[in-house]
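S.K.: The sequence isn't on hand, but the structure is:
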């Protein structure tokens, strides 16, 4: 029977068409360890990727996949545990896995986001693009904004998780108060297999029902254990996105973007009405010409 699985993205996750090697829509959760006091080099380009992330002072984060107990079915080598801070959920901690969502009867793994894409042209290249209405990384608009190679294919060395959503339909919805969240809908025929490949090439999987409401997170460690492992040296979590970028060599005028978004309803299930909320035009400085967007606009 036709069904739709819904994923909600929460925390420090970067969504883009520049993550997967063939331009499919995906997301990455960067590894964020406990920061240590450091003298920040004035020229960001002199920092390694690890130094750049440490310099922003964001506390340690943990990437997780959360599954409602009622949605869980079986697993192969990937047994979830009960989430201490929310006992109605199971969770698996992510540590370098590359994850995709396998379906039968839904869109093919490469079909759906290809249908949704338009293109943004720059002087040097044409970038596959999906505009979700959530902020883009980089405080100014960079003509050649590029993720550091440590976060990109083929190594993804500093990613706690890499998600392949190329058989899903990304969208954004508005929560009262102005927050905007990124969601991914995956059509299927009743079940979805969440397959993970570890850094050593080993595969493991979890099967969930086709109407599951999953949550992908990259949040401070106390969200999982109730205990924070270290304090932040900075409260600006969005700075972690900038640390993932190579230094910008040339700034260009920022595009103006607005979005009309549906209201998040019934725990982010697809709404049955056509109601929309007008999202005011955000200041141009929050956008980048790179198609790399934040997962949401405010703290969860």
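M.R.: Okay, I see it. Because the structure is a prediction, the values reported are computed rather than measured.
S.K.: residue boundaries of the helices in the stretch 1-150 of the chain?
M.R.: In the stretch 1-150 of the chain, the segments counted as helices under DSSP state H, counting those that start in this stretch are 49-55, 112-116.
S.K.: need the least confident one among those, by mean pLDDT.
M.R.: Note on the helices of the stretch 1-150 of the chain: lowest mean pLDDT is at helix 112-116, with a mean of 35.
S.K.: Would you quantify the distance from the residue lying closest to residue 233 once chain neighbours are set aside to residue 147?
M.R.: What sits nearest to residue 233 in space, not counting adjacent residues and going by CB to CB, 6 or more residues apart in numbering, is residue 57, at 3.0 Å. Every residue, glycine included, has its C-beta placed from N, CA and C. Distance check for residue 57 against residue 147: by CB to CB, to the nearest Å, it reads 21 Å.
S.K.: swap in residue 228?
M.R.: 28 Å.
S.K.: neighbour-wise, which of those two wins?
M.R.: For the pair residue 228 and residue 147, the greater number of neighbours falls to residue 147 (22 against 14), based on other CB atoms under 10 Å.
S.K.: quick one: least confident helix or strand in this protein?
M.R.: strand 118-121 (a mean of 32; mean pLDDT, DSSP states H and E).
S.K.: Low-confidence bits of the stretch 101-250 of the chain, can you list those?
M.R.: 105-141, 175-179, 235 (pLDDT under 70).
S.K.: which residues of it fall in strands?
M.R.: According to DSSP state E, counting those that start in this stretch, the stretch 101-250 of the chain carries its strands in the segments 118-121, 126-129, 159-164, 169-174, 180-188, 191-197, 203-209, 213-220.
S.K.: Compare those and give me the one nearest residue 3.
M.R.: For residue 3, the closest of the strands of the stretch 101-250 of the chain is strand 180-188, at 5.5 Å, according to CB to CB.
S.K.: Check which helices and strands that closest one is in contact with.
M.R.: strand 3-11, strand 169-174 (3 or more CB pairs under 8 Å, 6 or more residues apart in numbering; DSSP states H and E).
S.K.: Generate JSON lines for these, with distance to residue 224 and mean neighbour count as supplementary columns.
M.R.: Listed next are the helices and strands packed on strand 180-188 as JSON lines, based on distance: least, CB to CB, whole Å; neighbours: other CB atoms under 10 Å:
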{"stretch": "strand 3-11", "distance to residue 224": "11", "mean neighbour count": "22"}
{"stretch": "strand 169-174", "distance to residue 224": "25", "mean neighbour count": "21"}
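S.K.: Show the pLDDT at residue 293.
M.R.: With respect to pLDDT, residue 293 has a value of 60.
S.K.: In this structure residue 241 contacts residue 13, no?
M.R.: No. Counting by CB atoms under 8 Å, residue 241 stays clear of residue 13, with 9.8 Å between them.
S.K.: If we ignore the residues flanking it in sequence, what's nearest residue 197?
M.R.: residue 98 (4.7 Å).
S.K.: To what extent is that neighbour buried, counted in neighbours?
M.R.: Around residue 98 there are 21 residues (other CB under 10 Å).
S.K.: Now do the phi/psi pair for residue 60.
M.R.: The phi/psi pair for residue 60 (degrees, to the nearest 10) reads phi -60, psi 140.
S.K.: measure it to residue 157 for me?
M.R.: Relative to residue 157, residue 60 is positioned 18 Å away (CB to CB).
S.K.: Next: residue 215.
M.R.: According to CB to CB, residue 215 and residue 157 sit 25 Å apart.
S.K.: try residue 146
M.R.: 16 Å.
S.K.: repeat for residue 172
M.R.: On the measure of CB to CB, residue 172 and residue 157 end up 29 Å apart.
S.K.: cool, and residue 4?
M.R.: From residue 4 to residue 157 the distance is 34 Å (CB to CB).
S.K.: Check residue 26 too.
M.R.: 16 Å.
S.K.: Same drill for those two, tell me which one is more crowded.
M.R.: Neighbours were counted for residue 26 and for residue 157 using other CB under 10 Å; residue 26 has more, 26 against 15.
S.K.: contacting residues around the nearest residue to the more buried one once chain neighbours are set aside?
M.R.: The shortest distance from residue 26 to any non-neighbouring residue, by CB to CB, 6+ apart, is to residue 19 (4.0 Å). For residue 19, the contact set (CB atoms under 8 Å, 6 or more residues apart in numbering) comprises 26, 27, 28, 147, 152, 153, 162.
S.K.: Show me which of those residues are buried.
M.R.: 26, 27, 28, 147, 152, 162 (16 or more other CB atoms under 10 Å).
S.K.: I'd like the residues you listed laid out as a markdown table, including distance to residue 103.
M.R.: Putting these into a markdown table (distance: CB to CB, whole Å) gives the following:
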| residue | distance to residue 103 |
| --- | --- |
| 26 | 16 |
| 27 | 18 |
| 28 | 22 |
| 147 | 28 |
| 152 | 26 |
| 162 | 19 |
